[in-house]
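Student: the sequence isn't on hand, but the structure is:
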Ligand SMILES: Nc1ncnc2c1ncn2[C@@H]1O[C@H](COP(=O)(O)O)[C@@H](O)[C@H]1O
Ligand SMILES: Nc1ncnc2c1ncn2[C@@H]1O[C@H](COP(=O)(O)O)[C@@H](O)[C@H]1O
Ligand SMILES: Nc1ncnc2c1ncn2[C@@H]1O[C@H](COP(=O)(O)O)[C@@H](O)[C@H]1O
Ligand SMILES: Nc1ncnc2c1ncn2[C@@H]1O[C@H](COP(=O)(O)O)[C@@H](O)[C@H]1O
Ligand SMILES: [Mg+2]
Ligand SMILES: [Mg+2]
Ligand SMILES: [Mg+2]
Ligand SMILES: [Mg+2]
Ligand SMILES: [Mg+2]
Ligand SMILES: [Mg+2]
Ligand SMILES: [Mg+2]
Ligand SMILES: [Mg+2]
């Protein structure tokens, strides 16, 4: 194959190569996963839809699949032996944002972090968030996924002192432009201490959260 | 001159021609204002900076100028004899949004509306807004001006049942793109019952508020 | 499920949670609708295509479906007991804009407003609009949906004194950019007293109209 | 100098090289104009502000300057000896669009066309346009300049059978994006028989009108 | 139905309502066409793909279909009884631009114009165009369709004195952005006397050409 | 004044209100700073140019000004009494990025963090970065500022395991679009564990770094 | 057919017409290829998917197909008899960029160039590139294909003295905007001596490389 | 100072660090130039306006300044001792593009290349280019600078077999968007063998040309 797997990445950065499944065939995912297994590495694959997953599971039945997160994983607990400071809290604004939030939650979990979820608590009904202030305050790092106007990270950022990672989602229509409105909203957040990852990038948010929570 | 003033506009729409001063010289404003005075109309002019205002006031000393709103006006009370339902509440997110909020407040006032102001209560510190829920609830129509991520109208829209008019402001830098981030945020508001006007268009927001408050 | 339904929203804002069906499966819509029914709430769902609707109606046969508006509803008359000031007039420019106009009309109707329709009266043949000036003048609030250049709200806004809510539609091709041309045209309307909602957001326009028409 | 003047252009296209003055110094304009005069050509220069014009007129006192159109010209009647079909009608929406309309009117005049002007008749008060239907109907070709939402060419295009050339202007602020909103509106005009030139390009509109009016 | 057909349009503008088929079902096209036939009008429909056409032809077998132009027509010769000045020349840059060029050619033909075609003569091999200078010179009006960089109208505009109508096409990939690159190129043409219509709008170009060629 | 200072912000989020000086006059900055001093708070102001600073220092001579960072500060050591984990490393790509890097460095320092600087080590000469691997490895959190193509954070992110905060700068011209190219590059970083703040937002990057370094 | 093949192109530019297959049917490709074969020309076709290729190969069985490059070719060795200076090195960043890299590699090969491939060596693990410095240094011209942040050409450009041609790919999601992020990154490369072709344009990159390598 | 000069760059890439003067003060340029002189390097600085140049020349009187190219240089002949294949031909479309063309010409000259200039030969009068076919054919590499629609590189690319480097310029107004129209036109060139650099980047084009012409 044409792949040149970066087997040392985990040593350098704490996170090994993870398979990005969106533009790969089931066969290509199986090839790369098998090469990683030969090196005795744990394997994680994102953006695997149900159909592709079923195809892969027939060849690699020991893998586990999450339909909510569209992810496959195998031996993730091997990923990260070091201790963690605390809990990663994953928040999302609406029910349509759940897939992105789940990509973040499951990635963070696989990388070895305790994860807490708080879903469908968007700014149109903020009492849902205010009722959970204890959970907000006890988190070590918070990931907030939101589409449409993407206002939730600013509100959360104004309530807590821990780092907040904002994930714009492509949820919305018309002038949401596939997540651009949410992305711009988050980049312009009036709450300092908020940083942003790519649209729908739950995976990247979890890697950042992991790097923060992993600190020695 | 080249102007073809629409003297019947007030009869048709309830709001007469108002002078948009941004690209006009002091002389041009004086010409048009004088033509309106001859028809015995009240006169309002927006986007008049201090220097231009001083020049105009030397010729038309009976006019009054607001530096905060960058507006000139004369006999505005003549504008609108009809009764009003209630109060127009004008909210803004930060101190930099005040000029736009003032354009809205002063226009609404000149058009004959009781106006209430609530400034610098942005989402990074929402307790400032929650402490004023009574004022929010007693308004007949609310104008919310905000720049940067433009999240405030969604929060307000989730708290009240009256109509909310959102005004994005060009406050911000970088990825705020001169108000686009705020504009997109407001158009994608997850709170229904919010409608939007152009960036920095405090004047237009006030006209909409006036049309709502004027209803018989 | 992951949903955290905001059951108090109707009390706060006059409009309860409405199911946004676009990215939800029939099963998910059924789940959320059933939860709402248990609370004895009226139920409205938007962006439900025919196939999804048929699936849902087999489980919830008491619901009614409008193919024109792509909406499902049940007991909407319970939504809003309060009195209304007058009529909501819904105008659209071309026959391709009808689905958006119908989303607005049916939502306004379900929320308890008398609704009047005036369709296919775009600016290329303005006599069609001028022939109906009586209907324009007798409306309490007007919704105008238009795609392509989105000029119709400006023309209407120059003819009436009631509030005008403009809805850009994604009708068009090439440089219409999925509704951006119409959206920008409406935001820059030279007629004050016009406010804008998101592209294709007939639902939001109706909510704003309802808030205006509901005023005490 | 670095200029390579295309002296045959008039023979090929009916319109000679015209000096675009925006990024040229007064000296550069004088140089090119002098080279054209040596070839016994009529000379036209656009985008010449008053200060630059005064500088040039000191060296070339036989030139004439129009401040409204920001143009210099000399012997324009030599431009085009052929007969014309009829009149070029130049319309604009607001007083701020006049400079662009004047660039079109004066260019058309210099190229040998009878010109009629109809200014400040925008869509917010359409009776101003309807009162002048005779002038609209008697034109051979119509140029319509408008900024903001740029709706006027569609309305005109729906009223007449002659060709309509639309010129978006950079008049407006916020979401007008320096004329993009008007440009997109005009490109998406629902009135067929409308074609568009660049933002603020009164000169190009006049050249197109001239080519149409010049037809043998 | 919801259609409000503008039966007087032909009298006002010389071109009657034409059915835009893109977002309509075969049934909707049949309904509107039948209504027009009852008024004894000629009928033209654009953006009709083969499948839709076959469906329509089963009900309206007297209609004729062009697959190249994606158009249906019936009795087009009734459209326009008046005399024409000369020939409409339709040029396109590459073989992929032919569908747009054919929409222009067939529309111009149906409206009553003699049409000449010159296809696949793009700027990468300009000798193909230069070999046909006679045809260029003998045209009364020229339509030029081009995708990718859209340079062909500028080259043609520099060679002829008749009006040139530029049609950007959505042909290309990557940074062609569905025709935006070509559109911008044409709007910025350094050849005066070029005007532009919407991306892929062969129909609109033909209407403009017809208005020019129809002049009395 | 119109300011409604959020005095509790430091308690909630660990970072008090900081004055954003860009659109404020010297007088406005003095007013707000004085109000904060009365509450015995430390004061930080960003985006203060030299001229404005000199004006302010005449009234508040105890303040200190950094021309490199365009910041004013007073008693910053009061900001944050808690212990820090380690060092914040601030990297920038070229000499033109230094002002943004300095805004980050000085903010981080004022908030109580040990800061290390590594400037002008962009990707066109990567040996400059590789020679400093020890400093990279010993940092607790890294801020990377870069303009133009914004590639440096990806390279750094591939070398270290600590969190990386990327700051796009507006350095560049043409297709850099005032920092958009760098922003997009950073959002699409192929190195997980990188999060992004707004263009030129050195301040926000430092706040995020502080939140990470402050973790108990 | 409508094609006007430019048979002299090879003489003028060194590269004959190549069939761009994306928007052509199998029949159209067969027609044009057959016309070229009659002139005894070698034939190359790009953007031919497997299904289309199979269809074509049934009629033209002597053609060869590469699925990786999505290209068909026949007698390419006839393309270019002249000598070459050295080797074209084709580099790509990730496995998802391979199709674009293969379009470049196979085109360069067909045009008569020795080709060397170095795939999946992106900036997140730069040791993979540094280990191959000999291959970098021995190339006469280098093509670098990369998606997402598109940083690889800058890094390569800082390591070598030969010309570097950058090809942005549409690989990525969210704010990669179909290759715009990579395109902008490459245009803003801080490494001089880098030039860019269109997104996914492996073909054009190979043509440029061929022109460089062909130099006498 | 904060500069970390990459003194080995010339050895690696054939081109040393060149001072980008746009955002630097005269003092900063003098500092960096002096540091380079101490290493006995030749010095080149771009984007130096007349005022800044005069300031610098007072301190470093041995430098030479070109106002046309806005460049300073000293001992450039030391830059590149190796032999060159042939001539770099620099073409531009209009007189307003000359500054960018001169940045390219002078940089290429300083780097050791014979340079030939062909200015003001844009597509609106192509005979000016066709009259110079000999010069086009005898060049080893061609740089083409053009603003507005940026069509000239495609025309040149269709006439020659040597590599063509296209430089979009920011010349134009309205929908030229500061060079974007020209940039997109060049990226979509239908002439293969054309590669593009950043808007106004005459310097980068010359570096690419130098790398091509320097080939051993
Ligand atoms: N067509 C629509 N357009 C915009 N918002 C809608 C629409 N239909 C429903 N909504 C809103 O979407 C919310 C539900 O979002 P979700 O939690 O994702 O289902 C509801 O509370 C409504 O306010
Ligand atoms: N206002 C204008 N807008 C667009 N093009 C113009 C304008 N004025 C002159 N031109 C064109 O610009 C060309 C001269 O460009 P240049 O060689 O840069 O001076 C002339 O041949 C005219 O066709
Ligand atoms: N993959 C490709 N990308 C860009 N241009 C191509 C590609 N393949 C072929 N071409 C060019 O497209 C031209 C054919 O265009 P057409 O007349 O539309 O078939 C050829 O002369 C090639 O120069
Ligand atoms: N006109 C220019 N356009 C693009 N890059 C330039 C230009 N002039 C100099 N450079 C590059 O800018 C680098 C210096 O950037 P800096 O460290 O910010 O001074 C040099 O190494 C050059 O490669
Ligand atoms: Mg919800
Ligand atoms: Mg504040
Ligand atoms: Mg219609
Ligand atoms: Mg007016
Ligand atoms: Mg072709
Ligand atoms: Mg440097
Ligand atoms: Mg890889
Ligand atoms: Mg010229």
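Tutor: Arrived safely. Keep in mind the model is a prediction, meaning the values are calculated, not measured. Numbering: from 1, shown residues only, chains lettered A, B, ... in the order given. Ligands and ions are numbered 1, 2, ... in the order given.

Student: and the residue of chain A nearest ligand 9?
Tutor: Nearest residue of chain A to ligand 9, counting by Cβ to the ion: residue A:23, 30.5 Å away. In this view, the C-beta of every residue, glycine as well, is placed from N, C-alpha and C.

Student: strands of chain A, start to end?
Tutor: Using DSSP state E, the strands of chain A run over A:19-20, A:43-46, A:64-66, A:71-74, A:88-92, A:115-118, A:141-146, A:164-168, A:194-196.

Student: hey, where'd the helices end up in chain A?
Tutor: Here chain A has its helices, by DSSP state H, at A:9-13, A:26-38, A:50-59, A:98-110, A:127-130, A:133-138, A:152-157, A:180-187, A:202-213.

Student: any residue of the first one touching chain G?
Tutor: Spelled out, it's helix A:9-13. Yes: on the criterion Cβ under 8 Å from any Cβ of the partner chain, helix A:9-13 is in touch with chain G at A:9, A:12.

Student: excluding chain neighbours, give the residue nearest to residue A:92 in space.
Tutor: In this structure, residue A:92 finds its nearest non-sequential neighbour in residue A:101, 3.9 Å apart by Cβ to Cβ, 6 or more residues apart in numbering or on different chains.

Student: ok, the one you found - contacts?
Tutor: Contacts for residue A:101 (Cβ atoms under 8 Å, 6 or more residues apart in numbering or on different chains) come out as A:90, A:91, A:92, A:117, A:119, A:143, A:145, A:167, A:202.

Student: can I get those residues in a markdown table with distance to ligand 1?
Tutor: Formatted as a markdown table, the contacts of residue A:101 follow (distance: Cβ to the nearest ligand atom, whole Å):
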| residue | distance to ligand 1 |
| --- | --- |
| A:90 | 17 |
| A:91 | 14 |
| A:92 | 10 |
| A:117 | 16 |
| A:119 | 10 |
| A:143 | 19 |
| A:145 | 12 |
| A:167 | 16 |
| A:202 | 17 |
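
Student: by neighbours, which of those residues wins?
Tutor: Using other Cβ atoms under 10 Å in any protein chain shown as the neighbour test, the contacts of residue A:101 are led by residue A:167, with 37 neighbours.

Student: report the contact partners of that one.
Tutor: If you count contacts by Cβ under 8 Å, 6+ apart, then residue A:167 has A:100-101, A:104, A:143-146, A:196-197, A:199-202, A:204-205 around it.

Student: filter those to the buried ones?
Tutor: A:100-101, A:104, A:143-146, A:196-197, A:199-202, A:204-205 (16 or more other Cβ atoms under 10 Å in any protein chain shown).

Student: distance of the residue nearest to residue A:92 from residue A:132?
Tutor: For residue A:101, the distance to residue A:132 equals 15 Å [Cβ to Cβ, to the nearest Å].

Student: what's the answer for residue A:60, then?
Tutor: Taking Cβ to Cβ, one finds residue A:60 at 39 Å from residue A:132.

Student: what of residue A:159?
Tutor: 10 Å.

Student: so between the two, which is more surrounded?
Tutor: Set residue A:159 next to residue A:132 and count neighbours by other Cβ under 10 Å: residue A:159 wins out with 21 against 15.

Student: right, and residue A:204 touches residue F:191 too?
Tutor: No: the pair residue A:204 / residue F:191 is not scored as a contact, 9.2 Å apart, by Cβ atoms under 8 Å.

Student: wondering if the worst-scoring helix or strand of chain A on mean pLDDT reaches ligand 11 at all.
Tutor: One helix or strand of chain A scores below all others by mean pLDDT, DSSP states H and E: helix A:9-13, with a mean of 81. No: using Cβ under 5 Å from the ion, helix A:9-13 never reaches ligand 11; the gap is at least 9.7 Å.

Student: buried stuff in that helix?
Tutor: A:9, A:10, A:12, A:13.

Student: if we can go back for a sec, closest to residue C:74 out of the strands of chain A?
Tutor: Closest to residue C:74 of these, according to Cβ to Cβ: strand A:88-92, at 27.7 Å.

Student: give me every residue that touches residue A:146.
Tutor: Shown in contact with residue A:146 (Cβ under 8 Å, 6+ apart): A:92-94, A:97, A:122, A:152-153, A:166-169, A:182, A:186.

Student: tabulate those (JSON lines), appending pLDDT and distance to ligand 8.
Tutor: JSON lines is the format used below for the contacts of residue A:146 (pLDDT from 0 to 100; distance: Cβ to the ion, whole Å):
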{"residue": "A:92", "pLDDT": "97", "distance to ligand 8": "48"}
{"residue": "A:93", "pLDDT": "95", "distance to ligand 8": "44"}
{"residue": "A:94", "pLDDT": "91", "distance to ligand 8": "44"}
{"residue": "A:97", "pLDDT": "95", "distance to ligand 8": "46"}
{"residue": "A:122", "pLDDT": "91", "distance to ligand 8": "43"}
{"residue": "A:152", "pLDDT": "96", "distance to ligand 8": "43"}
{"residue": "A:153", "pLDDT": "96", "distance to ligand 8": "43"}
{"residue": "A:166", "pLDDT": "98", "distance to ligand 8": "44"}
{"residue": "A:167", "pLDDT": "98", "distance to ligand 8": "47"}
{"residue": "A:168", "pLDDT": "98", "distance to ligand 8": "41"}
{"residue": "A:169", "pLDDT": "98", "distance to ligand 8": "44"}
{"residue": "A:182", "pLDDT": "97", "distance to ligand 8": "38"}
{"residue": "A:186", "pLDDT": "97", "distance to ligand 8": "40"}
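
Student: need those residues in TSV with distance to ligand 2, can you?
Tutor: Formatted as TSV, the contacts of residue A:146 follow (distance: Cβ to the nearest ligand atom, whole Å):
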residue	distance to ligand 2
A:92	51
A:93	48
A:94	49
A:97	48
A:122	49
A:152	48
A:153	46
A:166	45
A:167	46
A:168	40
A:169	44
A:182	40
A:186	41
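
Student: from those residues, pick the one nearest residue H:33.
Tutor: Using Cβ to Cβ, residue A:186 comes nearest to residue H:33 of the contacts of residue A:146, at 42.4 Å.

Student: and that closest one, what is it in contact with?
Tutor: A:146, A:150, A:153, A:154, A:166, A:168, A:194, A:196, B:149.

Student: which of the residues you listed are buried?
Tutor: Of those, these count as buried by 16+ other Cβ under 10 Å: A:146, A:150, A:153, A:154, A:166, A:168, A:194, A:196, B:149.
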